[in-house]
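# Structure for this input, please:
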Amino acid sequence: MLTQKNDKEATSWPEEHTLPIMGPERLKELGSHLTWENMEKMIHPFAMPAEDFPPPSTPQGFSGYFSKSAAVLERLANLWPFHK
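I've put the predicted structure just below:
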């Protein structure tokens, strides 16, 4: 909250749009430490839902590239005279 009452901009800001700020005293409590559960509680409101992720897929360029290179290597192995 701004301390200048005569400023027009300060009086026009609605207070309900300000976020509460956690003071540093909460972090200094005796025995307080960051656990996996505490971290999940802090991060969960900002996490993207699983249904928003695109489905996993193999890029077309890679799938064709690796299948062709495997066929070329197989032909080279068959041409190698000492493979038998």
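# Quick check: next helix or strand after the lowest-mean-pLDDT helix or strand in the chain?
Within the chain, no helix or strand scores below helix 8-12, which has a mean of 53 by mean pLDDT, DSSP states H and E. The helix or strand immediately downstream of helix 8-12 is helix 36-43, counting by DSSP states H and E.
# Which strands or helices does that next one pack on?
For helix 36-43, there is no helix or strand it packs on, judged by 3 or more C-beta pairs under 8 Å, 6 or more residues apart in numbering; DSSP states H and E. Any C-beta I mention is one placed from the backbone N, CA and C, and that applies to glycine too.
# separation between Ala70 and Leu76?
Between Ala70 and Leu76 the computed distance is 11 Å (C-beta to C-beta, to the nearest Å).
# and what of His44?
Taking C-beta to C-beta, one finds His44 at 53 Å from Leu76.
# Ok, Trp36 next?
Applying C-beta to C-beta to Trp36 and Leu76 gives a distance of 50 Å.
# what do you get for Glu37?
55 Å.
# And Ala47, by the same measure?
Distance of Ala47 to Leu76, computed by C-beta to C-beta: 48 Å.
# same check, this time on Pro56
Shown here: Pro56 relative to Leu76, a distance of 32 Å by C-beta to C-beta.
# So for those two, which sits in the more crowded spot?
Leu76 (10 against 5; other C-beta atoms under 10 Å).
# and that one, what are its phi and psi?
For Leu76, the backbone dihedrals are phi -60, psi -40 (criterion: degrees, to the nearest 10).
# per-residue confidence for it?
Leu76 carries a pLDDT score of 77 in this model.
# and if you look at Met22?
What the model reports as pLDDT for Met22 is 63.
# secondary structure class for Pro56?
What DSSP: H, G, I helix; E, B strand; the rest coil gives for Pro56 is coil.
# what separates it from Ala50, distance-wise?
In terms of C-beta to C-beta, Pro56 sits 12 Å off from Ala50.
# Backbone torsions only: list them for Thr35.
phi -110, psi 170.
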